[in-house]
Structure formats: C-alpha cells, structure tokens
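Novice: predicted structure and sequence below. I'll ask about it afterward.
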Amino acid sequence: MVLIRDLLVQVVQMALVVALAPLLTGFVRKAKARLLRRRGASVIQPYRDLSRLLRKEAVVAENVSWLFRMAPYLIFAATWVAAAVIPTFATGLIFSWTVDLIAIIGLLGSARFFLALAGMDVGTSFGGIGSSREMLIATLAEPAMLLIIFAVALIAGSTQLSTIAAFMTSPQVGLRVSLAVALIAIIMVAIAENARIPIDNPATHLELTMVHEAMVLEYSGRHLAMIELAAMLKLLLYLSMIVCIFVPWNIKGPEAGYPAYLVGFASYVVKLAVGGAMLALFETATAKMRVFRVPQFLGAALMLGLLATLLRFVSRSL
Amino acid sequence: MQGPVYFDIAHMLAGGLVLVSMMMLYQDRLYALLNVFALHSLLLTLSVAWQAFIQGAPHLYVTAAIALVFKVVVIPVALHHMIRKLGIHREIETVVGIGLTMLAGIGLVALSIVVMLRVTPEADPLTREDLAFALSVLLLGLLIMVTRRNAVSQVVGFMSLENGLVLAATGAKGMPLVVEISVAFSILIAFIVIGVFLFRIRERFDTVDVGALDDVRGRRRK
Amino acid sequence: MTSVLVMLLCVAALLATAALAVFMARSKQATPVIYGLSLSIAAVAFATGLVQLVSPPAEVPILMLPFSLPWLGAHFRLDPLAAFFLLVVDLGGAFASLYGLGYGRHEHAPHRVLPFFPAFLAGMNLVILADDAFTFLLSWEFMSLASWALVMAHHRDAENRRAGYLYIVMASFGTLALLLAFGLLAGPDGAYGFAAMRGMDHTPLATGLVLVLLLVGAGSKAGLVPLHVWLPLAHPAAPSHVSALMSGVMTKVAVYGFIRVLFDLVGTPAWWSGLLVLLIGSGTAVLGILHALMERDLKRMLAYSTIENIGVVFVGLGLALAFKDAGMELAAALAMTAALFHVLNHSFFKSLLFFGAGAVLTRTGERDMEKLGGLIHRMPVTAFTFLVGCMAISALPPFNGFASEWLAFQAILQSPDLPQWALTILVPAVGGLLALSAALAAACFVRAFGIAFLGRPRTDPAANASEADRFSLAAMSILAGLCLLAGILPGIVIDALAPVTQLLVGGRMPVQTDMPWLSIVPVTESRSSYNGLLVFLFIGFSAWLTAGLVHRFASRALRRAPAWDCGFPQIDATMQYSAGSFAQPVRRVFGTLVFRARERVDMPPPGTLSPARFALETHDLVWEGLYLPIAGAVGYVAEKLNYLQFLTIRRYLSLVFLALVLLLLVLALWS
C-alpha cells in the first residue's frame, strides 16, 4: 500500500512537471508582455505551439547524422529525469535517492552535451557559434552551481534534496548570510543556464546575440517541439530547485496523506507564480549583455558561491 | 536582549555589508558604484540601528542617523554631482581584471575570518562575527582603493573602509558618542579635501586618473 | 603455485615474446603473432590480478629470487594494491594488443615497435610487483627506456626526436629523484627492502623531503604540472596503441609508485602534505584541460587531457592524505576509492579515445582536427565508441567518469571535520576547481567530437575515409561497454577496492552491493546516494517512450532538405565552425591570464586590396618561465666546463689528485 502510494506520488510528479512547464513559460511571457503594456499571448499559447510543432513534418538538413535526430529525445529525457526527482509538492519521492543534487547537475550537463553536438552536426557557422558559446557559459556556470551546492550541502550535511528541504524547515537554520549569498548566486546561474536576459534572449533570432537559439536553428517539427519542451522543463526545474532549497515550506513529507498533498500542490503553484513574476520583472528591467560580459557575470556567481562556502564559518567556529 | 531572531538579523545585516562590498568590486561604472555605495551605507545604518536596539544603547541611534544623512544621502549625491560636472561617467579603468579582483577579495574575506575567529575564541559570537565582517569590509575597501585608478572610486573605497570601521566599533559595544561624531566629521572634512583636490587634479592634468600624479612625481625626481 | 610466481612467469613470457620479436620482426607473420601472444599473456596476468583482488589470500604472497644485488636479492610481492594496479596495467595491455592486431598492419616500421611493446608491458608489471627499492628502480628504468624506444619508433620526424630527447631527460631526472627518495627512506643502514622501510620510523624532515622527491619523481612520469612538458609531446609521438598504453596505463604506474611510497612505506606524512598534493592536483587538472582545449592535434589534445585526469586522481589522493592524517578512516577510504576508481576509469576511456584517434589517423592520415569532419557517416562504429569515450571523460552520467568524480565531490563534502582551518577553507575551493576542470573537459570533448566527427568533411581524405578494421572496432566496442558498465554498476568496483583502501588508509567504504537497486551510498542514504543503473534505465526508457509516443500519435514524416542556416545559400565545408574558432571564447576568458594570449587583427584601410590578417600569440608560461631558464643555465655551465676538455695531462692529473685529497679530507672530518 505504501509502495503504491509512493509510486503514485512519483508518477504524479513526473506528469506534473511536464504538464506545468509550458504553463510557467506562458505565464512568464504573459507577465513580461503586461509589464511592457502589451496584451501578450494567452498563457496557454506554449501548449498550442508545441502541439502544432508536434503535428508538423520534420525537415532535417541533408548531411546530418543519427545524432541530430536522436538528440532531442535524449535531451528531453535527461531533463525530465532530473526534474522528476526534485521535491515539488512532496518529499520522499520513491526514486529521489537515485539522483542527488550533484547528479542533477550532471544530467543537465549530459543534456547540454548532446544539444551542443547537435548544433555542430549540421556543419553551419550558426550551430558552431551557439555550441561554442553555450559551452563557454557552461564552463563557468557549472562550477558556480557546484560551489553553491557545496555551500548548501556543507550546512545541511547532505546533497539529497529531500534531506536539504527537511533541514531548511527545521528551526536550527535561521537566517544565514551564506545561504543568502548562495541564493543570489543560484539565481544568477539559473538565469544563465536558462538562456534568459541578460545572458541570452529567448525571444530573438538576431544571429549575433543568440546562443541557445543558434544551436537549435536547424531543428523543426517534432524535434523542435522536444527541445522547446526540454527548455521549458529546465526553467521549471531550476525554479523548483530554488524553491525546494530556499523556501521549502509546505512540501509535505511521505506520510502526509492526500489532502496535505493538495495543500502542498497549491503552495507549489503559488511559489512558481511568484518566481515566474519576479523573473519577468527582472527581465524587463535589464538589458542584454555583450557575450564577453557574460564571463564577468558568471565569474561573479562563481565568486559568490565560493564566498558562500566561506561565510558558513562565521557564527560557527572554525 | 538576546535571541535567535535578533542574532540572525544582526548577522544578516553585517554579512550583507560584506556582500555589498563584493558588489562594489564588481561594478565598473561610476554611477553604479555610487549607488552600490549608498546601499552599503544604508545597510550600515540599519545594522547600527539594530545594534542600538539590541544593546539598548541610544547613542548608537545618533551614529546611525549620522551615517544615514551623510553617507547615504549627502556624499553620494555630491559625488554624483561631481561626476556630472567633471564629465567622467564612463567606465572605470581597473588595474587588474574583475575576476582576479574578486578572487583577491574572497581571499581577504577568508583571511579576516580566519584571523578574527582564531584570536577571539572566548568573545560572544555576535561580537566575533561582527569583527570578522568588519575586518573584511575594511580590507575590501582598501582593495577597491588599490585596484582603481580613478580618484572618485578611490574616494568611494575610502568611505566603504570607514563603514567597516564603524561596524567594528558598534559591534565592540562601547565607542563613546564623542569619538563617533569626531570620526564622522573627520570623514566629512576628508571628503571635502578630496573633493577640492579632485577639481585641482582635473584642472592641472585634464584627467582624474591618479596615474597622472605619478608622472609628475617621476618628472620631479629626475 | 603462488600468484606472484604466475605473474613473474607472465613477465618472463612477455620478455620472451620481445626476444622472439627481435628475430622475426621482418617477417609478415610477426604482427599477429607478437600481438596475439601479448594479448593472451596480458589476459592471464589480468585474470591473476583480478582473482588476487577479489579474493585475497590470508597471507600476502611474496617471493625472493636470488638475482640483483647479492646481499639483497630481488623481492616481489602481490598485495591488494599491487593486484589492483596489475589489473589496470594488464587490462590496458590486453586491449592495446587486441587493437594492435589490426592497427599494427598499418605500421611501416614494425621492427621498431614489435620488440619493445611486450618489453614495455613486462616493465610495467615488474614495477608493480617489486618489493625492494633496487628492483623497483631497475624496472622503472626498464619501463622508461622501453617506452622511450617506442616514442622514437618514427624517429625520422624531427618533432618525434625532440619529444624523445625531452622524454629521456625528464625520465632520468625523475628516476634520480626517486633514487634519492628511496635513499632517504632506507636510512643509514641501507635497508632497501620495502618490508624493512615499512617498519622504520622516519623523521618529519625525511618524510617531507621524500614527499617532495616523490612529487618530482613519480609526478614527472604521471604528468603533474609543472613537470608535464614532455608528456604532450612524447605520448602522441608513439603509435596509437602505445600512446594509449602510455597515457592510460604508464601514468597509472607512476600513480602506483606515489601511493606505494607515500601511503605504504612512509606511514604518516605531515598534514601539509595533503594540502600540497591537493593544490598541485587541482592546478594540474585545470591547466591540463585548458591546454587540451587550445590544441588542434587530436592525439596531443588527448595527452593534455591525461594531465587533467592525473590532476583529478591527485586531488583524490591529497584528500585521502588529509583525512588519514586527521584519523577519519571512512572519509579517507572514500577519497582513496574515488582516486583509484578514477585511475581505472581513465585507463578505460583514455585507451578508447586514443584507439579512436588512431583509427582516424590510419584511415585519413590526419591528426589535425581542422582537416577532419563528417566522419560519423563514414566511420559509424568508431564515431559511436568515441562519443561514449567523450561522454565518459567529460564526467557525464550515466558513464563511469561521472561516478568517480561524484565520489570525489562526496569526499570533498566530508571536509568540515578536518582539524586544520587551512584545509577546511581550501578544500571547497579545490572542489570548485575540480568542477571547473570537468566543465572545461565537456567543452573540450564537444569540440573534439563535433569538429572531427560531425559536420561536413573539410578535406578529401576525411571525405573518403572508411571504417576501421574489426580488431580495432572490437577493442573500442568492449572498452565503450566497460565505460558504461563501470558507470552503471559502480558499487561492484567500489567493493572490489575495499581491500586496497583497508590496506592504505585503514578503513573501507560501506558494502555497496547490498544496497537496494545497486545504488552507491558513500556514508548514509540520507546524506547522498547515486544510482547509475536507474539513471541509465530511466533516460533510456523515457527517451524511448517519448519517441514512441511522438511517432505514434503526432507525426513521423521526415524530409531531407538543404540546411537552413538563416537563409544563407551555398554553404561549403570551409564555412563551418573550426576547432580554433570553437575554442576562441574560452581562450579569451581564461587564456589571457593562463597563456598570455593576445589577438591582433590588421584590417586594411578601405579601398586597398591587401588581405586582413589575424595574428594570435600565446605563451606556455611554464615552459618559458621554468624550463628555458634552466636550459639556459645548463648551457652556460656546460660552456664554462668546456674549458676542462682542453687541459694538459699534468693538469688533469693534478685535478684527480686534488679530488682524491678533498674526498679523503671530507671523510676524515665527517667521522
């Protein structure tokens, strides 16, 4: 019985992240449009886009290999597996112990690896420029993320998200400046990883400024749909991860029962909405950076991660 | 008054000061630097006021008020004005790259944490970490002064250094008001002197890059 | 018959094969016979090592042969540590032989390769078996010379001659350092047996000196910065299967030497030795991979990446030293396991990648990435296995590289309990450097695979390449399978390593194969766990499910068309992104500091017809800052000493006389 319930929670979680991801993206787009005093497309527009893309015929370049056609599914699968183990409304997911925080970053790294290779498979200059810049961003964002994980894990004593969430709700934590620094750093990394302004612009096809869009330039039809969905999922993943580490209230434990899960679910949606609105606000308020300013931005995130691992020493003797 | 929440808030405010000092290292435009400096001073004000509240020491409110009036409002506004007048709102030329500067900053924070936590094992935790944060802010202020060429940003570095001193003083419970006021005024006078000095450099050399002063000295030495 | 004897017989058989090769090298049958023999002998040796590691006998088998120095004898011993490294060496040797069966046919000077290949294998085995300093150093030198001969196999190439020269100089220097280290350990009584060294107490000064000498001696062979300069020249100069052996296996023998002396013989090194090893290791990792990213020669890029991986291994060893000193056996075992696991993994994927580069080299005649491209169409199996190797070396789940790096990160997270503040502060920073090197490795191998195998062919040889022979493919496919297996079932490897960590740091990780679903749990489950098997199954299943659903319910129509490329017509192969342009952003971010890279663009003024020029200037700071001054100083001294060559006989005699008197005087004053 317990096993069935846990399995059910896990399946719900897997379905939930895929179902909510386009909605989050639609919500962010809508919020941005409203902030710019436009009306904007409906929040369910991403669903319509995806279903339209899925039904279309896929056009691929003449000289591409099997890697180009397999990559979208692998990218989506890796992102999905990573997203499926992050506690959103309930901890104690049945498979949460397969992957810890470090492995989640590893899975996203695998997805990125295939995306960058797919960009280079066509043999055009745009694909190459996108891959090259994506890998540059990753070389700084990944260590920054790892340092943030170190800071959190050294305080919580675990790299397991459920344990971290449980620890963060316990009274012994309090406000810690190292956690505050880690929060700022993780937001910077999340912005870079999700190709948002000021690092990259998800809404542009202006060649020289784009990173993510340049890599997926040659994709169409169902392949493009999978990649877009993976990108939406990644945004949801990062937001859920930040929520789970830094505001883990109302994430229910394994014995909570179904009504409690509903409460957890409602508060998760509220947290996502707040996060999405803040992202929209931030994106409207900033301008995109030159590519070679990005290393400075991410370098700062890296340094903040390091600072976070350092500052945990204060208020705890050396 | 002691309690986890009181402690936490003091900790966050003082730690925030270090964070904002790091942000100052990152800024490479003068206006942004000034705004961050104003934020720095605002955090200091809040931190001092919170200490006054915890310690029940009303004279610290005066310190906070002085910080608020001068460092959050008067000096940044004056510097803004000055920059506009001098027409130097372009990028700061940093002597070494931002990444390296920040790395050095991290090293300084590590150093001050190690030094302070090791020499004060029996002091109360709030004082200890206040001292550690204060030393970090002080060293970071010095670092800003060392790495920047522009005279205005050196002034800002100097002011943030002074903020570190005030933080240390309030954390150590017992700086008399007189001393505090005299420090505040000396800072103000220093500011005025530097301001006058800035205009003088500018008149002479057509730049506020302090490197120009070295040239003069070199010429005289010959 | 004890296992030591079996191993020694294998070594003897390898030497006999080498002798056989000398005689039949020019015959047509030589290549299959020699590599076939090497393969079977290495397989037997591997099996022996495996049995020894998995079910170690109660008594550690030792053997004394009456060779070598008359009062010492040659001692051999096969404890779990030796068994593990023998396993790595002989597995690598077996695969290299298998690969050589096919690759060797393209060799134009087989008589320069065949005799030395088995001898090289024998030398590596002997180093690991040795149980006294004399045998160890003799085997070490034998291994160095055999590999040097292999590096010089194609000696008509001026570049290879330079590589060989640099290698022999560095190797002799390294052996000298090891000799001095053993001299210090043996003490005034000259106890050169390892058993005697183990029992002795060493002064802190001696221990410190031994550490430094080891870092020079074993570190130069392993490729630690700044002693790495010979490695990226020498490893690629040899034939590809030998490159794989040198990079994948011989560097591991150096790691073995380091572990054997520092963890086994010295006993308890000072706490700062952990710090020193950590700093050198992390610096090596980052610098090695940055060099690899700048390199356009495929094999040299792999050699630089070896330097990175050695750095990762040394980070693990440094952590193990620090934890061992603090008396944290469990954490030390974790760090040690991470290091040893990475040793095994690196031997898998580095051999695989060198084999792939060798296959590309024989089929296209090119090592330069800028002249390759599109090989995935013409060499599909090679491309697939190379891709697996790239993912494994970039530490991506579910492959084996990730498993060992994950363990290293978990070991780093044990650092708060260390007693020294310097370590607690620095270890997370070292972790950051480790993550940086892993991320740079991903960029490096996306570049390598993307430029060489994807896109369009850049030259005719690349366009007309064909698939590699079946022996090479077999070797590469099995290695790719092993990369995956070790990645999804890491628990088995970790358990197999338990006797080794027990021996070295006095602790072991919890038994992993009892864990549900074969996950690995370094400390407790609430702390951290990872399950490569389920990750692999989940990704496979969800990818299959999604693809199936999309194809079933949405659309499966596919049309081939010219590439879109934002509407740009007539794309040709030279307009692709090149290896240089791929690395340019990274070079701008890291290179200005690390290589003092400067770019200069000369644009002709409008209206003139002269071409625009782009000049790139980089410096190898280690080479220019360390080696050139030393070389200059040596040259200067040699010039001065040259004077001695032109003396009269009477002056020579007086010099000899003076030296004799001086030595006698020293002796008189000393005692």
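Specialist: Ah, there it is.
Novice: burial measure for the residue lying closest to C:Ser610 once chain neighbours are set aside, as a count.
Specialist: Spatial nearest neighbour of C:Ser610, excluding adjacent residues (Cβ to Cβ, 6 or more residues apart in numbering or on different chains): C:Pro604 at 4.5 Å. Bear in mind the C-beta positions are built from the backbone N, C-alpha and C, glycine included. Neighbour count for C:Pro604, taken as other Cβ atoms under 10 Å in any protein chain shown: 11.
Novice: same deal with C:Val446?
Specialist: 28.
Novice: pretty sure it is touching A:Ser131, no?
Specialist: Yes - taking contacts as Cβ atoms under 8 Å, C:Val446 lies within contact range of A:Ser131: 6.5 Å.
Novice: wait, is the residue nearest to C:Ser610 part of a helix?
Specialist: No - the assignment for C:Pro604, made by DSSP: H, G, I helix; E, B strand; the rest coil, is coil rather than a helix.
Novice: now do it against chain B, distance only.
Specialist: The gap separating C:Pro604 from chain B is 30 Å, by Cβ to the nearest Cβ, to the nearest Å.
Novice: tell me who's in contact with C:Leu129.
Specialist: Residues in contact with C:Leu129 (Cβ atoms under 8 Å, 6 or more residues apart in numbering or on different chains) are C:Val4, C:Met7, C:Leu8, C:Val11, C:Phe76, C:Arg77, C:Leu78, C:Ala82, C:Leu86, C:Ser139.
Novice: and C:Phe76, backbone torsions?
Specialist: phi -130, psi 150 (degrees, to the nearest 10).
Novice: not counting its neighbours along the chain, what's nearest A:Glu62?
Specialist: C:Arg560 (5.1 Å).
Novice: just want the residue of chain B that's nearest chain A.
Specialist: Here chain B gets closest to chain A at one residue, B:Gly15, 2.6 Å apart by Cβ to the nearest Cβ.
Novice: which SSE is that residue in?
Specialist: helix B:4-26 (DSSP states H and E).
Novice: can you get me the centre-to-centre distance for that helix and its chain?
Specialist: 13 Å (Cα atoms, centre = their mean, to the nearest Å).
Novice: what angle do the following helix or strand past it and helix B:4-26 make?
Specialist: Next along the chain after helix B:4-26, taking DSSP H and E as the criterion, comes helix B:30-55. Using axes from the mean of the first three to the mean of the last three Cα atoms, to 10 degrees, the inter-axis angle of helix B:30-55 relative to helix B:4-26 is 160 degrees.
Novice: establish whether the helix or strand of chain C with the lowest mean pLDDT and chain B are in contact.
Specialist: Every helix and strand in chain C was compared by mean pLDDT, DSSP states H and E; the lowest is helix C:592-594, with a mean of 83. Yes - for helix C:592-594, a contact with chain B is found by Cβ under 8 Å from any Cβ of the partner chain, at C:Thr592, C:Leu593.
Novice: coming back round to it: same question for the helix holding B:Gly15, mean pLDDT?
Specialist: Helix B:4-26 shows an average pLDDT of 87 in the prediction.
Novice: shouldn't C:Met575 be in contact with A:Thr124?
Specialist: Yes - C:Met575 is within contact range of A:Thr124, at 7.4 Å (criterion: Cβ under 8 Å).
Novice: those two: who's more crowded?
Specialist: Between C:Met575 and A:Thr124, counted using other Cβ under 10 Å, the more crowded position is A:Thr124 (26 against 15).
Novice: which non-adjacent residue is nearest that one?
Specialist: C:Asp565 (4.2 Å).
Novice: what is the burial count for that neighbour?
Specialist: If you count neighbours by other Cβ under 10 Å, C:Asp565 ends up with 20.
Novice: from A:Met120, how far out is it?
Specialist: Note on C:Asp565: its distance to A:Met120, by Cβ to Cβ, to the nearest Å, is 13 Å.
Novice: go on, C:Leu298?
Specialist: Taking Cβ to Cβ, one finds C:Leu298 at 16 Å from A:Met120.
Novice: pLDDT score for the spatially most central residue of chain B?
Specialist: For chain B, B:Ser160 is the residue whose C-alpha lies nearest the centre (Cα atoms, centre = their mean; 0.5 Å). Looking at B:Ser160, its pLDDT stands at 87.
Novice: let's verify the nearest residue to C:Phe590 once chain neighbours are set aside: helix, strand, or coil?
Specialist: Excluding the flanking residues, the one nearest C:Phe590 by Cβ to Cβ, 6+ apart is C:Leu290, at 5.7 Å. With three-state DSSP as the basis, the three-state label of C:Leu290 is helix.
Novice: ok, C:Leu290 - contacts?
Specialist: C:Leu440, C:Val586, C:Phe590, C:Gly591, C:Val594, C:Phe595.
Novice: how about a cut-off of 10 Å?
Specialist: A:139, C:304, C:308, C:436-437, C:440, C:444, C:583, C:586-587, C:590-591, C:593-595 (Cβ atoms under 10 Å, 6 or more residues apart in numbering or on different chains).
Novice: and which of those is nearest A:Asp49?
Specialist: Taking Cβ to Cβ as the measure, A:Asp49 lies nearest A:Thr139 of those, at 31.5 Å.
Novice: so the closest residue to chain C within the stretch 101-250 of chain A is in which element?
Specialist: Of all residues in the stretch 101-250 of chain A, A:Gly128 sits closest to chain C, at 2.2 Å by Cβ to the nearest Cβ. Taking DSSP H and E as the criterion, A:Gly128 maps to helix A:125-156.
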